[in-house]
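J.: Could you work out the structure for the sequence below:
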Amino acid sequence: MRAFLLFLLSSISVLLPSIAYSGIQCDADRFSFSISMPKGYLSGVLITNESDDSINGSMINEFGISAVDFTYSRRNGKLRLVSVISFLDKWHIRRMLGNDLRFCLRILKGLPADRKGKYQVSTNDNSITVVNLRRKISYSFTPLETTSGNDTE
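T.: Residues are numbered from 1 along each chain as shown. Model (predicted):
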């Protein structure tokens, strides 16, 4: 499974390199993520592509299926869920997931975040964990290290 994730990550890194084109700087960040809920669990790779006024991201599960695609606008601070996997595609889950991802993205990118007593943030070594205290949902993010050569584990 780990070899498949590394293959998937290397193939996507070809599509989302850190390049500058037409005066706009774009950066691609990669994280390993896990979402733990009382009745379920989702894990995989989070890939974000950052431009001047927006952050586009995709959460891909361990099987290579896109679980959540989103766009975050820096101008107005809103996150829009573009697509969500079918078992999470319900209006109340989309609303909660959008709010939680907006907060997590602000923490990961170092943007100002408004906690309102709803979230607990903790850091362990290299990972960041955000807990939605109201719904008891835990979001964990660990940066993936990319190698410059063709070496794999």
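J.: The one helix or strand residue 41 maps to - contacts with which helices or strands?
T.: When elements are assigned from DSSP states H and E, residue 41 belongs to strand 40-50. Contacts defined by 3 or more C-beta pairs under 8 Å, 6 or more residues apart in numbering; DSSP states H and E place strand 40-50 against helix 2-15, strand 27-37, strand 54-61, helix 91-109. The way it works is simple: take the backbone N, C-alpha and C, and place the C-beta from them, glycine included.
J.: which sections of this structure are below the confidence cut-off?
T.: Across the chain, the stretches falling below the confidence threshold (pLDDT under 70) are 1-27, 146-153.
J.: can you tell me how far residue 125 sits from residue 90?
T.: Here the distance between residue 125 and residue 90 works out to 35 Å (C-beta to C-beta, to the nearest Å).
J.: ok, the strand holding residue 41: who's next to it in the sheet?
T.: For strand 40-50, sheet partners with direction are given as strand 27-37 (antiparallel), strand 54-61 (antiparallel), following DSSP bridges.
J.: So for residue 83, what's the nearest residue that isn't a sequence neighbour?
T.: In this structure, residue 83 finds its nearest non-sequential neighbour in residue 69, 4.6 Å apart by C-beta to C-beta, 6 or more residues apart in numbering.
J.: Residue 141 versus that neighbour, what's the distance?
T.: The span separating residue 69 from residue 141 equals 17 Å under the rule C-beta to C-beta.
J.: Looking only at neighbour counts, state which of the two leads.
T.: residue 141 (20 against 16; other C-beta atoms under 10 Å).
J.: So that one: helix, strand or coil?
T.: In terms of secondary structure, residue 141 is strand; the call rests on DSSP: H, G, I helix; E, B strand; the rest coil.
J.: Show me the one of the helices and strands packed on strand 40-50 that comes nearest residue 116.
T.: For the helices and strands packed on strand 40-50, proximity to residue 116 was assessed by C-beta to C-beta; helix 91-109 is nearest, at 9.4 Å.
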